[in-house]
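Enquirer: Model the following, please.
(4 chains)
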There are 4 protein chains.
Amino acid sequence: MQTVPWRGVYPAVTTKFHADESLDFEGTARHIDFQIRNGIHGVVCCGSLGEASTLALDEKLAVARCALDASGGRVPVLATVSETSTREALRFIEGANALGVAGYMVMPSVIYVADAREAMANVRAFAKAAQRPLMVYNNPVAYRVDLKPEHFAELADCEHVAAIKESSGDVTRITDLRNLLGDRYRLFMGVDDLAFEGLALGCDGLLAGVGCAFPRETVALFDLMQAGRWDEARTIYRWMTPLLHLDVSTKLVQNLKLIDALVGVGSEHMRRPRLPLIGAERERVEALVKTALATRPEHCRSVA
Amino acid sequence: MQTVPWRGVYPAVTTKFHADESLDFEGTARHIDFQIRNGIHGVVCCGSLGEASTLALDEKLAVARCALDASGGRVPVLATVSETSTREALRFIEGANALGVAGYMVMPSVIYVADAREAMANVRAFAKAAQRPLMVYNNPVAYRVDLKPEHFAELADCEHVAAIKESSGDVTRITDLRNLLGDRYRLFMGVDDLAFEGLALGCDGLLAGVGCAFPRETVALFDLMQAGRWDEARTIYRWMTPLLHLDVSTKLVQNLKLIDALVGVGSEHMRRPRLPLIGAERERVEALVKTALATRPEHCRSVA
Amino acid sequence: MQTVPWRGVYPAVTTKFHADESLDFEGTARHIDFQIRNGIHGVVCCGSLGEASTLALDEKLAVARCALDASGGRVPVLATVSETSTREALRFIEGANALGVAGYMVMPSVIYVADAREAMANVRAFAKAAQRPLMVYNNPVAYRVDLKPEHFAELADCEHVAAIKESSGDVTRITDLRNLLGDRYRLFMGVDDLAFEGLALGCDGLLAGVGCAFPRETVALFDLMQAGRWDEARTIYRWMTPLLHLDVSTKLVQNLKLIDALVGVGSEHMRRPRLPLIGAERERVEALVKTALATRPEHCRSVA
Amino acid sequence: MQTVPWRGVYPAVTTKFHADESLDFEGTARHIDFQIRNGIHGVVCCGSLGEASTLALDEKLAVARCALDASGGRVPVLATVSETSTREALRFIEGANALGVAGYMVMPSVIYVADAREAMANVRAFAKAAQRPLMVYNNPVAYRVDLKPEHFAELADCEHVAAIKESSGDVTRITDLRNLLGDRYRLFMGVDDLAFEGLALGCDGLLAGVGCAFPRETVALFDLMQAGRWDEARTIYRWMTPLLHLDVSTKLVQNLKLIDALVGVGSEHMRRPRLPLIGAERERVEALVKTALATRPEHCRSVA
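Expert: Numbers count the residues shown, from 1 in each chain, chains lettered A, B, ... in the order given. As a prediction, this is how the structure comes out:
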């Protein structure tokens, strides 16, 4: 089996737009550079948080190219396979392979609520086309397709299936996966507000959302956990948790783009049908960010 | 307010493919013709059952053109707006308007779980672009966006929003909509196995699934209900219900394409990630169809 | 198989209390008499709406005796088996049998989320002890135990299991039950706001909640449906629906006791932990009742 | 505010019965003694796992007395308030106070799905009557009443409300409670298979289920966590997790009584409607226990 070097904090980066909904490559690149300079270990572009569902196939390739350029080889760049048919997904993989992405985060099925047989067949088709490592994004909450430990046991013979982004919300899955499959897969916690719990249980990394705006703080959490300094890690985690909850919401894009804007690392422009937050929802996020900035730990502060 | 003539049985027609997943226009046209010859009152193409999520924008336009040709003006043809971004939806409407569709079934938001403000803004944007009647497809079970009677009250000033396909699964919505909004909207029951209930409560029509294979039987149900011949209608409905349940499933496409194939009006070819049924699931559908065919009411039998 | 004569409108009567939470037998009897004088066909005491979970075993027997006296043989009186252990349930049945109740509404399991095997064993134990007809109350929403049509097929050999109160909220169950079991069981719709739908599909009666305050109106709905006069029935049903929704709520006791009080047929006294409605919740119910009274149909008005 | 000394591993002990469903005091006492000799820090009797819903009020008092005798002052004994009406709950507290229990685990509302106002009023009524420390059992999964951090903030002025058993299944609540309320409440993780996660996040103890059969192993987990020896703790936790999952089930009583029997510390007798496991369910538990016993860590093995 192939072992991927993926480990640590991998933000699922937001995609930047101009006010007219056209792509803002310069803003996207600048934000990615900010994150890399603050220590993150990899970049995943055009995931749910990257508004994948509003991007055409060629736009997603253009964003992947932008991310590769911004990274300049400093960290691996993963593209996201989120097409709603297998044939389009294979077309996307062909294009992204040509660009030279390090691998893929793959959604087992989008819109169609596939059963496990169909979802696994899809993952195998992606792996065969990609010939690069895949991180399977398991998110039954958002996509209603659930690949359980027994399904990952079935997929274990598929060389390129290298990692799992666990986003079921059921943190006990980490232990079940380790018990059943040992270290066969790299495990990334995909739920922001289960980051500490996931790392405590033995995850290899975080697929981070709020980490886009607070990369160094998130890396500090990861490093402290690795060092067994859990009390210090917990202190950072408690500080961060009110923001992390904002990633676990149907409004995650709006919430996190507003955080980006308030922290000064991005704009709120987004594509419809999403609309920026208004009223009480907006005020709540603003208040949480204000409090977080006022109480931000000194020693691991992200640098603009 | 504009009153649309839409009333009766509107099948959400399946899209036919060849074995290599390419579009089968001839098969699609033949199936639509079969339905029209058996009395249905309108056609909706490229809905959920039409595997919309696997079709590119230009493919959906090609299927709409195929349906228009097949209908030849005999019944209204509605196209389905199921794009995952507003900008693509508007592009689709521009194309379908040019083809001359009678109107649209519109999904308030696909993939993104919009709130009511965003979903209503989306519907208004579609109406403005279409300048033709829209049927809003309310399906919180599949799409997790729920437009409730109070939201339709808000949308009542929007001239082109003419009809509602109610698929919440909560049949009491029909009474609530009538109590709040009288006859402002044409109401179509979108859940196959609530067809009788919906018509009894005062729906104007059915957005039918199993009706694709049993059009005349479905029209008979509708006609008997309109005539107040409830007992006869209930007899047909009880006969049909085991099949109707097959439409209320994440496997509705597979189920209904298998019914089509067994009844002799279509093939099972579909696009991945969907796969045809196997094993016990397949046997169960086959047994239900066999029983249904053996006990089919004589007087309203669909004619090939 | 035994055929029970149960048919028509069976209110699940509220239990009346004094301000100090002691039982108000006089008020309970007066309310039952009001309902019988207004045409209802049977009485079920100490169900969910009768605050069963706050009544001791001997209190439930006392209420049953009170209901029997109030009825004076005019209509059948059913007691409710809602004990949380089988041994207590059998003790209750022994006591109620001695009082001479006509039969029982039985909850397959309360608090403990029994599986079908356990729930069916419970029902059989009740039937054996009762030696009188049982109506099985299937309410997976409230009790999380679901007896499906296939389970009622298994129970069909049990002579005393005579009727089903269907409260799953899935109205399609009525057709499934009729398709699988014909007229083996008397079917009562147990969800107030599915009354019309249930009767249209072929239910034999209603286990009514709001019918406690509007008995004659509810009987009129039933009679019109039986007579095939569905348009007139639908008119009454639309009028009644905003109130009927109040029965489908965790606050059903508070809602319906407030209705009773506003209509003048009962008090709001209840046992803790329930508390009477306050604030916006209360105002909403008051407004709905006010509207209902102002638009009440003349021809079927309940008489004090 | 009163600070309670409660901390560590508090098993929710099973109640033992004879084959005829009568109480087995001797067996109950022996099992409690076994647990105390193996290091647990407190005992909670007649909770969900103690089959509270099948016990009459006087039986629950008799079990409490039995537990107090068995403990002989070695560890605190808490009784459980699980009555379905406030008046009965107050009667129970009066009786248990007279016995000299150390305090109570209280269910905010059983059967009736109280809203937060009603549930808090109930808790306050219990506290006033008890005049001893209460641990509020928050289990919205089983009881559908959810007391959130903001509600515990409201209750913070109530002196005797001393601890929370968090069983929402949402482990992030621990951080939210600490962020909002600091150390105002002792926090016990009430979900067996979130034990490690809860302790990592800063819980003060465990309300354990499987700990009834494996007390020393559970205490070892707790002690290692307190000592910051996370890796060793995680090793025990991974070993234990397949069993811990068995506590998170509607069949928890059957599962854990079967474990007790297989491990040799109790019988499977239970009260109906519960029935002992059969078939595949039983075999699965037997296999899990067999594996667990074969791989049991040496250094912290419970002693008969």
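Enquirer: what's around the nearest residue to A:H151 once chain neighbours are set aside, how many residues?
Expert: Distances taken as Cβ to Cβ, 6 or more residues apart in numbering or on different chains place A:A116 nearest to A:H151, at 5.1 Å, with adjacent residues excluded. To be clear about C-beta, it is placed using only N, CA and C from the backbone, and glycine gets the same treatment. Using other Cβ atoms under 10 Å in any protein chain shown, the number of residues around A:A116 comes to 15.
Enquirer: My understanding was that A:A116 contacts A:L147; is that so?
Expert: Yes - at 6.6 Å, A:A116 and A:L147 qualify as touching, with contact defined as Cβ atoms under 8 Å.
Enquirer: Confirm A:V44 sits in a strand?
Expert: Yes - residue state for A:V44 (DSSP: H, G, I helix; E, B strand; the rest coil) corresponds to a strand.
Enquirer: Run through the bridge partners of it.
Expert: Note on A:V44: beta-bridge partners A:A12, A:L78, judged by DSSP bridges.
Enquirer: Please apply the same query to A:L23.
Expert: Applying DSSP bridges, one finds that A:L23 bridges with A:F17.
Enquirer: Okay, it and C:G202: tell me how far apart.
Expert: Distance of A:L23 to C:G202, given as Cβ to Cβ, to the nearest Å: 59 Å.
Enquirer: cool, A:D223 as well?
Expert: 67 Å.
Enquirer: cool, A:V219 as well?
Expert: A:V219 sits 65 Å away from C:G202, going by Cβ to Cβ.
Enquirer: Residues contacting the one helix or strand A:L256 maps to, please?
Expert: Secondary structure from DSSP states H and E places A:L256 in helix A:252-263. Contacting residues not belonging to helix A:252-263 are listed as A:14, A:31, A:48-49, A:51, A:209-210, A:212-214, A:243, A:246-247, A:249, A:266-270, A:274-277, A:282, A:285-286, A:289-290, A:293 [Cβ atoms under 8 Å, 6 or more residues apart in numbering or on different chains].
Enquirer: so where do the helices sit in the stretch 51-200 of chain A?
Expert: Taking DSSP state H, counting those that start in this stretch as the test, the helices found in the stretch 51-200 of chain A are A:57-71, A:86-99, A:116-130, A:140-143, A:149-154, A:172-181, A:195-201.
Enquirer: Please identify the buried residues of stretch A:111-119?
Expert: A:I111, A:Y112, A:V113, A:A114, A:D115, A:E118, A:A119 (16 or more other Cβ atoms under 10 Å in any protein chain shown).
Enquirer: so where does the residue in the stretch 201-304 of chain A positioned nearest to chain C fall, helix or strand?
Expert: Taking Cβ to the nearest Cβ, chain C has its nearest neighbour within the stretch 201-304 of chain A at A:A280, 17.3 Å off. According to DSSP H and E, A:A280 maps onto helix A:279-294.
Enquirer: ok, A:C45 - contacts?
Expert: Neighbours of A:C45 in contact, by Cβ under 8 Å, 6+ apart: A:A12, A:V13, A:T15, A:K60, A:V63, A:A64, A:A67, A:V77, A:L78, A:A79, A:T80.
Enquirer: Counting neighbours, what do you get for the closest residue to A:Q226 other than its chain neighbours?
Expert: Leaving aside its chain neighbours, A:Q226 sits nearest to A:L199 (7.8 Å; criterion: Cβ to Cβ, 6+ apart). Counted with other Cβ under 10 Å, residues neighbouring A:L199 total 24.
Enquirer: show me the contacts for the residue in the stretch 201-304 of chain A that chain B sits nearest to.
Expert: Closest residue of the stretch 201-304 of chain A to chain B, Cβ to the nearest Cβ: A:R272 (3.6 Å). A:R272 makes contacts with A:E21, A:T54, B:S85, B:T86, B:R87, B:E118, B:A121, B:N122, B:A125, as judged by Cβ under 8 Å, 6+ apart.
Enquirer: near chain B, which residues of chain A?
Expert: A:21, A:53-56, A:84-88, A:108-115, A:117-119, A:121-122, A:125, A:144, A:250-251, A:271-275 (Cβ under 8 Å from any Cβ of the partner chain).
Enquirer: Filter the residues you listed down to the buried ones.
Expert: For the residues of chain A next to chain B, buried by 16+ other Cβ under 10 Å: A:53-55, A:84-88, A:108-115, A:118-119, A:121-122, A:125, A:251, A:271-274.
Enquirer: in chain A, which segments are predicted with low confidence?
Expert: Residues of chain A meeting the criterion pLDDT under 70: A:1-2.
Enquirer: Most remote residue from the middle of it, which is it?
Expert: A:G279 (28.0 Å; Cα atoms, centre = their mean).
Enquirer: My read is that A:A125 contacts A:E88, right?
Expert: No - A:A125 lies out of contact with A:E88 (Cβ under 8 Å); the separation is 11.8 Å.
Enquirer: Residue of the stretch 201-304 of chain A nearest chain D, please.
Expert: A:T241 (4.8 Å).
Enquirer: Put the alpha carbons of whichever strand or helix holds that residue into PDB.
Expert: Assigned by DSSP H and E, A:T241 falls within helix A:230-244. Output in PDB follows, covering the C-alpha atoms of helix A:230-244 (Å, rounded to 0.1, in the frame of the first residue of the first chain):
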ATOM      1  CA  TRP A 230      -3.000  18.500  25.900                       C
ATOM      2  CA  ASP A 231      -3.800  21.000  28.600                       C
ATOM      3  CA  GLU A 232      -2.200  23.800  26.600                       C
ATOM      4  CA  ALA A 233      -4.000  22.500  23.500                       C
ATOM      5  CA  ARG A 234      -7.300  22.500  25.300                       C
ATOM      6  CA  THR A 235      -6.900  26.100  26.200                       C
ATOM      7  CA  ILE A 236      -6.500  27.100  22.600                       C
ATOM      8  CA  TYR A 237      -9.300  24.800  21.600                       C
ATOM      9  CA  ARG A 238     -11.700  26.400  24.100                       C
ATOM     10  CA  TRP A 239     -10.800  29.800  22.800                       C
ATOM     11  CA  MET A 240     -11.400  28.700  19.300                       C
ATOM     12  CA  THR A 241     -14.600  26.600  19.800                       C
ATOM     13  CA  PRO A 242     -17.200  29.300  19.400                       C
ATOM     14  CA  LEU A 243     -15.700  30.000  15.900                       C
ATOM     15  CA  LEU A 244     -15.300  26.400  15.100                       C
END
